[in-house]
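Novice: Please find the sequence and the predicted model below.
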Amino acid sequence: MSDMKIPQVTAKRLPLYYRYLEKLHAIGKRRVSSAQLSDALQIDPATIRRDFSYLGELGKKGYGYNVNYLLQFLRDFLRQDEVTNVVLVGVGHLGTALLGYNFYRSHSTKIVAGFDTDPGKVGTEVEGIPVFSMDRFAEVRELHHVEVAILTVPANEAQATTDRIVASGIRGILNFTPARLTVPRNVRLHHIDLTIELQTLIYFLKNFPPEEDIPLTEDGQPDGQG
Ligand SMILES: NC(=O)c1ccc[n+]([C@@H]2O[C@H](COP(=O)([O-])OP(=O)(O)OC[C@H]3O[C@@H](n4cnc5c(N)ncnc54)[C@H](O)[C@@H]3O)[C@@H](O)[C@H]2O)c1
């Protein structure tokens, strides 16, 4: 169904419709008219009708659209149910916090397993997520079709761990360690360095103070701004 040819402008609007329909569904609404959708999303009703016409016979004249049906249709179309499984390596302080967070705002990403070398952690569950030994990495990765790993091991373990998980089939790494990692060209590496983020914030605060910090002249104009 998602291979259906629809104009790009329409395809871009589909997630907007989807999110709004999800809201309607959550409050128990069963029907919606193109005029109501138009009001809520600020999209011309004719455009909405045309967009939906690309998707097939979805609405009846004078009845509007069935929220449930439309939602299911768009869900299939957008494959919103498809979840990307992710693993986390290094279930320490930061790793535990991230397992607890588990990207709860996204329905499409989920940490399915943690890995650690500490025998005291292996075989336990942290925030309901099982922790495995590194020996089982390849097996668990394959079982859950995981291509993305979050790295929260100590910096001096980061490169060796990276080499190991990449050899097991990981193709994307979110690196929270301060280590500068080397990966093959077919692996995507994203680095999150909280120290640099914090220092950048402090630098900007010092050198480019927010508006409120600019001293005002007596008549309320920013000082030295003419
Ligand atoms: N804690 C923070 O606020 C914070 C913030 C930013 C970045 N970091 C970085 O994140 C990383 C983790 O920090 P932390 O405070 O959670 O450390 P931590 O020592 O609490 O946790 C590290 C975990 O990794 C495990 N581990 C060690 N070697 C391993 C290996 N080879 N394979 C798998 N697991 C291994 C340890 O057993 C431990 O559970 C560090 O590199 C740190 O610099 C931490």
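Specialist: Arrived safely, thanks for sending.

Novice: Mind jotting down where the strands sit in this protein?
Specialist: For the chain, applying DSSP state E gives strands covering 31-32, 59-60, 64-66, 84-89, 109-116, 125-126, 129-133, 148-151, 172-175, 188-191.

Novice: which one of these has the lowest average pLDDT?
Specialist: Note on these: strand 59-60 shows the lowest mean pLDDT, a mean of 65.

Novice: on that earlier part again, point out the most buried one among the strands of the chain.
Specialist: Most buried of the strands of the chain by mean neighbour count (mean count of other CB atoms under 10 Å) is strand 148-151; its value is a mean of 23. From N, CA and C alone the C-beta is placed, and that goes for glycine too.

Novice: rewinding a little: compile the strands of the chain into TSV and extend it with columns for distance to Glu157.
Specialist: Below are the strands of the chain laid out as TSV (distance: least, CB to CB, whole Å):
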stretch	distance to Glu157
strand 31-32	53
strand 59-60	57
strand 64-66	54
strand 84-89	9
strand 109-116	11
strand 125-126	19
strand 129-133	14
strand 148-151	9
strand 172-175	12
strand 188-191	16
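
Novice: could those strands go into CSV alongside distance to the ligand?
Specialist: Output for these, formatted as CSV (distance: least, CB to the nearest ligand atom, whole Å):
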stretch, distance to the ligand
strand 31-32, 45
strand 59-60, 50
strand 64-66, 47
strand 84-89, 5
strand 109-116, 4
strand 125-126, 10
strand 129-133, 9
strand 148-151, 8
strand 172-175, 9
strand 188-191, 11
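
Novice: of all these, which lies closest to Ile165?
Specialist: strand 148-151 (5.3 Å; CB to CB).

Novice: residues contacting whichever residue of the chain sits closest to the ligand?
Specialist: Minimum separation of the chain from the ligand (CB to the nearest ligand atom) falls at Gly92, amounting to 1.6 Å. Neighbour list for Gly92: 116, 152-154 [criterion: CB atoms under 8 Å, 6 or more residues apart in numbering].

Novice: gap between the lengthiest helix in the chain and the chain center?
Specialist: With DSSP state H setting the assignment, residue counts place helix 8-26 as the longest helix in the chain. Taking CA atoms, centre = their mean, to the nearest Å, the mean C-alpha location of helix 8-26 is offset from the chain mean by 17 Å.

Novice: Using PDB, write out every CA atom in it.
Specialist: Taking Å, rounded to 0.1, in the frame of the first residue of the first chain, the C-alpha atoms of helix 8-26 are listed here in PDB:
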ATOM      1  CA  GLN A   8       5.100  14.600  -2.500                       C
ATOM      2  CA  VAL A   9       3.100  17.500  -1.100                       C
ATOM      3  CA  THR A  10       0.400  15.200  -0.100                       C
ATOM      4  CA  ALA A  11       2.800  12.700   1.500                       C
ATOM      5  CA  LYS A  12       4.200  15.400   3.600                       C
ATOM      6  CA  ARG A  13       0.800  16.300   5.000                       C
ATOM      7  CA  LEU A  14      -0.100  12.700   5.900                       C
ATOM      8  CA  PRO A  15       1.800  12.600   9.300                       C
ATOM      9  CA  LEU A  16      -0.100  15.800  10.200                       C
ATOM     10  CA  TYR A  17      -3.400  14.200   9.600                       C
ATOM     11  CA  TYR A  18      -2.200  11.000  11.400                       C
ATOM     12  CA  ARG A  19      -1.200  12.900  14.600                       C
ATOM     13  CA  TYR A  20      -4.500  14.900  14.700                       C
ATOM     14  CA  LEU A  21      -6.600  11.700  14.100                       C
ATOM     15  CA  GLU A  22      -4.700  10.000  16.900                       C
ATOM     16  CA  LYS A  23      -5.800  12.900  19.200                       C
ATOM     17  CA  LEU A  24      -9.400  12.600  18.000                       C
ATOM     18  CA  HIS A  25      -9.300   8.800  18.600                       C
ATOM     19  CA  ALA A  26      -7.900   9.300  22.100                       C
END
